[in-house]
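> Sequence plus the predicted model coming up.
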Amino acid sequence: MEMMGYLRRNGKKGIRNLLVVASTVACSNSVARRVAQITDTVVINHESGCMDPTEKINRTRLILKRIAEHPNVGAIVFIGLGCENIDAEEIAKELEVTADKPIGWVRIQDEGGTTKTIEKAVDIVNKFETILDTQKRVPMDPSELCIGVQCGGSDWTSALAGNTSIGYVVDKLIDNGGTVLYGRIEGIIGSERVLASRSACPEVGKSIMEMVMRLKEDFYLENGQYIEDINPTPGNKAGGITTLLEKSVGNIKKSGTCPITGIIRFGEQIPDRGMWFLDAKIPGPDIYGLSAYAIHGCHLTIFSSGLGNPIGCAIIPALKLTGNAETFQKLEENFDFDASPIIRGVSIEKVGVDLYNLMIKIVNGQLTRAELLDFQEFGFPY
Amino acid sequence: MLTSDSGSSNDRLSETERIDLCSEGIRLSINDKKIAIKMDSIDNVAVIIDDTQKGENVFVGELKIIAKKNIKRGHKIAIMPIIKGKYIIKYGVPIGKAKNDILIGCHVHDHNVSDIINEMDHMEFDD
């Protein structure tokens, strides 16, 4: 099955052709939302943009730019207030170079209130929409695809079936020259040696060991406890997980068995194909994990959840699967794939191939359950 | 579609009629016998798939084990004797160490397994 994507002027391909309305400051969130309600657009809101420490402002600006540059985004309109740190016109001008696509902006204080701002923004959106409507999908090689792997709401089936089937897809995509990003590195503590032994070169192995050592030290400094003192959790133990090592080896099942190419820090672009780790602290709720994958250029995420989670992400489709047959039955409207046959003896390869093929369909435009339900969460990870 | 539900006990299939479904060395029993999954060929534990009572047979591929304790699904059962101080191997890697001698069929969990994460810190990373 061939993949098809939207060719951007920088040569990258997107798997969606989204029109985004983004507020540059929390003060314009409602206007941005109103514009999104009356147009076929995706809204990005956040709680920053002004009166925050420089570091937070810079991160907010960076995330807004990464959203605009994302290949799944066909066009973007920034809704500014007028007196904030992140100026709508300024960010739009900066992006003209790095994100060669239709970019618009309005300021509420310039337009003279919210009604006029909404009208102007809707006009811009309509104009951009006619441009996007003319764009057609072109063939896309698997080597042009980048995916993020996530697990959340794990249970006893996650390591056995959910993460394992993701691991199969990861290995297949890497074999085909694609790119995979692994976030949520706190989950790998305990398995750093397994990962280091898979690194493409000794330097990467050393970086993985150092990254995990730092994670463990930071955890102790912040909390006065070792991570293994609180992990596995009582819930994990009740589910059969005995040690932190066991938990983390189950977690990294979703990284497959491929060589590990390298590590990027928050905000860095993935420099090359292959399997990458994101060395960044991402807040707990799963939506921050999905958003981090969008910020770092992943086209979609594959998300395994033993217990189930309805979330989607505004910028990238989230293909959700479970290894738990009961969960799949109970929450079927929120799942795209059932990996539980692995537990009943069907081979990982057979289930993995089905999952890979579903991923291609989703690349080509088939909507995920979260997209069908119009779930468009996005969280700015600080 | 195959299920583990066999209907009345008279319809029970013999062991030889169990169907080998999979390429990973995992077998599925279509009668009501309990199964456990061994994740890697070198593992000394397997994961119980259905809540198992003490004295019940558990099939791990070809291997038949008698559960020595009630073991819940998702929990580990010893599929070979594990001597005190030896590693518990799951997914092909050590995940802990036996606190005491563990017999075949025993529940393997925090009552008889210690964490080895600190031990690992002192191991050299082989590059």
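Sure thing, it's come through. Just so we're clear, the structure is a prediction, and the values are computed from it rather than from any experiment.

> Helix, strand, or coil at the nearest residue to A:Ile316 once chain neighbours are set aside?
In this structure, A:Ile316 finds its nearest non-sequential neighbour in A:Ala294, 4.7 Å apart by C-beta to C-beta, 6 or more residues apart in numbering or on different chains. Just so you know, the C-beta spots here come from the backbone N, C-alpha and C atoms, and that holds for glycine as well. Using DSSP: H, G, I helix; E, B strand; the rest coil, the structure places A:Ala294 in helix.

> do you know how far A:Ala294 is from chain B?
30 Å (C-beta to the nearest C-beta, to the nearest Å).

> Can you name the residues of the stretch 101-250 of chain A that neighbour chain B?
Applying C-beta under 8 Å from any C-beta of the partner chain, we find that the stretch 101-250 of chain A lies next to chain B at A:155-157, A:159-160, A:190-191, A:193-194, A:196-197, A:202, A:205-206, A:209, A:228, A:237, A:239-240, A:242-246, A:249-250.

> Excluding sequence neighbours, find me the nearest residue to the closest residue to chain A within chain B.
Relative to chain A, the nearest point of chain B is B:Gly74 (2.6 Å; C-beta to the nearest C-beta). In space, and not counting its chain neighbours, B:Gly74 is closest to A:Trp156: 2.6 Å by C-beta to C-beta, 6+ apart.

> Test my guess that the one you found contacts B:Asp50.
No: using C-beta atoms under 8 Å, A:Trp156 is not in contact with B:Asp50, being 11.5 Å away.

> who's more crowded, those two?
Neighbour tally, A:Trp156 and B:Asp50, criterion other C-beta atoms under 10 Å in any protein chain shown: the higher count belongs to A:Trp156, 24 against 17.

> Return the residues in contact with the more buried one.
Applying C-beta atoms under 8 Å, 6 or more residues apart in numbering or on different chains to A:Trp156 gives the contacts A:239-241, A:306, A:324, B:47, B:73-75.

> Of those residues, which is the nearest to A:Ile76?
A:Ile76 lies nearest to A:Gly306 out of the contacts of A:Trp156, by C-beta to C-beta, at 35.7 Å.

> returning to that earlier point: who touches both of A:Trp156 and B:Asp50?
Residues touching both A:Trp156 and B:Asp50 (C-beta under 8 Å, 6+ apart) are B:Arg73.

> still on that earlier bit, narrow the contacts of A:Trp156 to those in strands?
Counting by DSSP state E, these place B:Val47 in strands.

> would you say A:Ser154 is within a helix?
No: counting by three-state DSSP, A:Ser154 is not part of a helix but coil.

> Is there a neighbour count for the residue nearest to it when sequence neighbours are not counted? I'd like the number.
Using C-beta to C-beta, 6+ apart and skipping the chain neighbours, the partner closest in space to A:Ser154 is A:Gly306 (5.0 Å). A:Gly306 sits with 26 neighbouring residues when counted by other C-beta under 10 Å.

> quick one: contacts for A:Gly306?
A:153-158, A:162, A:322-324, A:327.

> and the longest strand for chain B?
What stands out as the longest strand in chain B, according to DSSP E, is strand B:93-98.

> Check chain A too.
In chain A, taking DSSP E as the definition, the longest strand is strand A:73-80.

> taking the mean pLDDT, what do you get for that one?
The pLDDT scores in strand A:73-80 average 98.

> Neighbours of the closest residue to A:Arg8 other than its chain neighbours, how many?
Once flanking residues are discounted, A:Arg8 sits nearest to A:Pro71: 5.4 Å by C-beta to C-beta, 6+ apart. Per other C-beta under 10 Å, the neighbour tally for A:Pro71 reads 25.

> So A:Pro71 versus chain B, what's the distance?
Remark: distance between A:Pro71 and chain B (C-beta to the nearest C-beta) = 35 Å.
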